[in-house]
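Enquirer: The following comprises the amino acid sequence and a computationally predicted model.
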Amino acid sequence: MRIVSSFRDFAPEPGPTIGLVPTMGALHEGHRELVRRARAECDRVVVSIFVNPAQFGPNEDYGRYPRQLEADCDLCAAEGVDAVYAPELHDVYPDGFSTAIDPGEIASEWEGAFRPGHFRGVVTVVGKLFNTVLPTIAYFGWKDLQQCLVVTRMVRDLDFRVRLEFVDTVREVDGLALSSRNAYLEANARLIAPRLYSELKRSGEAIEAGGNVQEELDQSRLVLRDAGFDIDYFAYVDMKSLESLDTMLLPSAVIAAVRLGSTRLIDNYRLHRQA
Ligand code: PAF
C-alpha cells in the first residue's frame, strides 16, 4: 500500500492523448490555429461547439450569436479533427441543473465587472467539458486573456487533470483580432476597429521601453475616444493577479474592452520581455 498526498501521484492510465478545443462555434482562423496545435500535439482532437447561455448576460448577444454548425464541421473535417462535440442545451443543462463553479476574485474585475456572472458561466461549462471529454490538453486563445487566467486558476484549485495551452491571437492584416463577433461590425466600424490593437501595442511598447504607465494609457484612451470608441476599460495589469499596475512589472499586459456601436471588442497586448 502507498500513502499519497497529491492527486498527481495517481498516474492516469496510459492511453491516447486527447486535445480539446472548446468553442462556441462560428469558427475562424483563430480556432483553426488552436485545432492545428492540438492536431500536432495530440493523438485525438475533439472540438466542442456549444453556445453557452450561462456566460451571456440578459441584455447580451446570446440570441444573435452566429450559429453555423455545418460550416464549422467542414472546417473541423478539413483539419483532421476526430470528433466534434456539439451538445444540445438539455445535454449540458438538464432539467433541475443547479450546480455552478464560483471562479472567485480573479474573475471579479475587468470582464467580470462589465459582464457579471460571465466567468461563472464560463468555468462551469469548461469544467463540464473537461469532465465529459477528459482531455489531456485543452487549447485556448490568448485573445480572452482573463478567461485564460480564470480557467488556469480553476484547473489548479479544483485539481482538474488537464494541461492548458494558450495560443497567440490570430489577426487580420490590419491588426484586428479575429473574433466570431467581428461579423457584427458595420462597414465604418470595421474600418476603425484595428485602432484598438494599434493603441494596445503602442502603449504596451511604450511602457516596455520605460514610458510612464498613466500617461501612455491616457494617451491611448484619448486616441480611441476621438476615433469613436466607447471604452469599458483600457488598463495595464499584472498577468498573474490581473491587478492594475502603475509601473512596469513582468509578466504583464495592456488589456481593453471597447464598444463600437453595438459591437463589443476585447483584445490585449502582452509585454514581450516576459519574466
Ligand atoms: O472562449 C469561448 O469560446 C468560450 O468562452 C468557451 C471557452 C468555449 C466556453 O463556452
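Expert: Everything's here; your move.
Enquirer: Quick check: closest non-adjacent residue to D168.
Expert: W142 (5.7 Å; CB to CB, 6 or more residues apart in numbering). Quick note: C-beta positions are derived from backbone N, CA and C, even for glycine.
Enquirer: Likewise for F160?
Expert: F160's closest residue in space is F130 (CB to CB, 6+ apart), at 5.2 Å.
Enquirer: Tell me the buried residues in the strand or helix carrying the one you found?
Expert: For F130, the enclosing helix or strand under DSSP states H and E is helix 118-133. For helix 118-133, the neighbour count (16 or more other CB atoms under 10 Å) marks 118-130, 133 as buried.
Enquirer: any idea how far I266 is from E243?
Expert: Separation of I266 from E243 (CB to CB, to the nearest Å) stands at 18 Å.
Enquirer: Now the helix or strand containing A40: buried residues?
Expert: Using DSSP H and E, A40 sits in helix 29-41. Residues G30, H31, R32, E33, L34, V35, R36, R37, A38, R39 are the ones in helix 29-41 that count as buried (16+ other CB under 10 Å).
Enquirer: Distance to the ligand and pLDDT added to those, as CSV?
Expert: Converted to CSV, the buried residues of helix 29-41 look like this (distance: CB to the nearest ligand atom, whole Å; pLDDT from 0 to 100):
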residue, distance to the ligand, pLDDT
G30, 10, 98
H31, 9, 98
R32, 14, 98
E33, 14, 98
L34, 10, 98
V35, 13, 98
R36, 17, 98
R37, 15, 98
A38, 14, 98
R39, 18, 98
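Enquirer: Between those, which sits nearest V173?
Expert: G30 (14.3 Å; CB to CB).
Enquirer: In contact with the spatially most central residue of the chain, which residues are there?
Expert: Centroid check for the chain by CA atoms, centre = their mean gives D144 as the closest residue, at 2.8 Å. Counting by CB atoms under 8 Å, 6 or more residues apart in numbering, D144 touches I266.
Enquirer: which residue sits closest to T152, ignoring its sequence neighbours?
Expert: For T152, the spatially nearest residue (CB to CB, 6+ apart) is L164, at 5.9 Å.
Enquirer: do the same with E216
Expert: S203 (4.2 Å).
Enquirer: and the ligand, which of the buried residues of helix 118-133 reach it?
Expert: Filtering the buried residues of helix 118-133 for proximity to the ligand by CB under 6 Å from any ligand atom leaves V122, V125, V126.
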